[in-house]
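1. Structure for this input, please:
(one chain, ligands or ions: 1)
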Amino acid sequence: MNQLDTPSLLLDYQKLLTNIYEMSSFAKEQGIVYRPHMKTHKSIKIAQLQMEAGAVGVTTAKISEAEVMAAGGIKDILIAYPISSPDKIKRLVKLLEQGVQLKIAVDQTKALSYLQTELEQTPFTLEVWIKVNSGLNRCGVEPGKDAVILAKAIMSHSKLKLGGIFTHAGHSYAAKTMDEIETIGYQEGLAVVESANECEKEGIRIPVRSVGSTPSYKIAGKVTGVTEIRPGNAVFFDAIQAGLGVTSIGRCALTLLASVVGVYKNRVIFDTGSKSLCLDKGAHGNQTVTGFGHVIGHPEIVIERLSEEHGVGVLLQEASLKLNDKVQIIPNHACTVVNQFDEYIIHENGRVIDVWKVDARGMVK
Ligand SMILES: Cc1ncc(COP(=O)(O)O)c(C=O)c1O
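-> As a prediction, the model looks like this:
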């Protein structure tokens, strides 16, 4: 691996498989299904490995990510994002024409009429899932009564079919303790199940009740009545997850191979700056990480600053690194780092075994 040019995006094949099987085994043990979020890996190959491990389909954030997944043969896709512009709805119709079993998020009554109007020009109906807010305060209707109101509105649109209720507890990243994550995960599960139960009391069937964030899915996924989990980051893990206590640093599958390009009295410079390592440091107000990435095998180095192409590693004690030495750095946030690279270098026991494309790199539309 030391022959590789830097910076390179490295993926440990065995750790990847372990991480995938951990999610799928959890789902199997709970008798629920697994629909991983692909925004972390943006790779057809990795989505296919997840499908082989039992995933029922994938979750995407963007239509362009769904288009890439569909082209890669993944035909059951949740776009967990509110969509109401006519141009974007036309792209959804294209996916339906390709036979994709598509579902999208809805959380606004007004969006229903935009969807209905566009779909009336086609032979298709579209499956929609209600997004409820379980505490992140981003998108989503409030659980319970408001979810029922939206469910009734969906039922009155002939071109829409209500398939499920879901939430994403992204505020789990701001938790200070595992106990707090436990509470958030439990509330996440309840927000979905109680909303679904309220709908069913009114005679509206809710087949899918879906939850998922990497910190919380093992708690929310155990709440009775939940039928699906959607973890994304857990396919790789990263320094933020290790800092939260969700995993250990040894389980992180994704690293950057970096070179030492400068050695000074109290610092070393790596060729990985904000354009490769990214500036994330965890949820606002909850910085569980030290610096901008974990330099494997070098606890004496803290990457204190990033400029675009330089990572400044401050030495807490003397380091043995010399010019042109290579190190592996576990990024703070794997999902944003992946989007900076064209390909993964796949390795096993220190040997490069393959190169996989980051197929949906830059797909933000
Ligand atoms: C709707 C939705 N589902 C699932 C996930 C996966 O979360 P994580 O990467 O924490 O597993 C996300 C992450 O942004 C999301 O927005």
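2. Could you use CA atoms for every contact and neighbour count after this?
-> Fine.
3. For the top strand by length along the chain, list the C-alpha coordinates in PDB.
-> In the chain, assigned by DSSP state E, the strand with the most residues is strand 254-263. Extracted C-alpha coordinates of strand 254-263, given in PDB (Å, rounded to 0.1, in the frame of the first residue of the first chain):
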ATOM      1  CA  LEU A 254     -12.300   4.000   6.100                       C
ATOM      2  CA  THR A 255      -8.900   5.900   6.200                       C
ATOM      3  CA  LEU A 256      -7.000   8.400   4.200                       C
ATOM      4  CA  LEU A 257      -3.500   7.500   3.200                       C
ATOM      5  CA  ALA A 258      -1.500  10.700   3.700                       C
ATOM      6  CA  SER A 259       2.200  11.700   3.200                       C
ATOM      7  CA  VAL A 260       4.400  13.800   5.400                       C
ATOM      8  CA  VAL A 261       5.300  16.800   3.400                       C
ATOM      9  CA  GLY A 262       7.000  18.900   6.100                       C
ATOM     10  CA  VAL A 263       8.800  18.200   9.400                       C
END
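4. what's downstream of that strand, the next helix or strand?
-> With elements assigned by DSSP states H and E, the helix or strand that comes after strand 254-263 is strand 267-270.
5. Which strands and helices lie in contact with that next one?
-> strand 254-263, strand 311-315 (3 or more Cα pairs under 8 Å, 6 or more residues apart in numbering; DSSP states H and E).
6. Confirm for me that Thr214 is in contact with Pro231.
-> Yes: shown here, Thr214 and Pro231 form a contact pair, counting by Cα atoms under 8 Å, at 5.0 Å.
7. who touches the closest residue to the ligand within the stretch 251-365 of the chain in this structure?
-> Nearest to the ligand in the stretch 251-365 of the chain, going by Cα to the nearest ligand atom, is Cys335, at a distance of 7.7 Å. With contact set as Cα atoms under 8 Å, 6 or more residues apart in numbering, Cys335 has these partners: Lys39, Thr40, His41, Asn233.
8. Now the last one: closest residue in space, sequence neighbours ignored.
-> Excluding its sequence neighbours, the residue lying closest to Asn233 (Cα to Cα, 6 or more residues apart in numbering) is Thr40, at 5.5 Å.
9. swap in the first one?
-> When the adjacent residues along the chain are set aside, Lys39 lies closest to Thr60, with 6.1 Å between them (Cα to Cα, 6+ apart).
10. try Leu190
-> Spatially, and ignoring its direct neighbours in sequence, Leu190 is nearest to Val223 (7.0 Å; Cα to Cα, 6+ apart).
11. now swap in Arg251 and tell me
-> Nearest to Arg251 is Lys15, by Cα to Cα, 6+ apart, at 6.4 Å.
12. C-terminal to the one helix or strand that neighbour maps to, what's the next element?
-> Assessed by DSSP H and E, Lys15 sits inside helix 13-30. Moving toward the C-terminus from helix 13-30, the next helix or strand (DSSP H and E) is strand 33-34.
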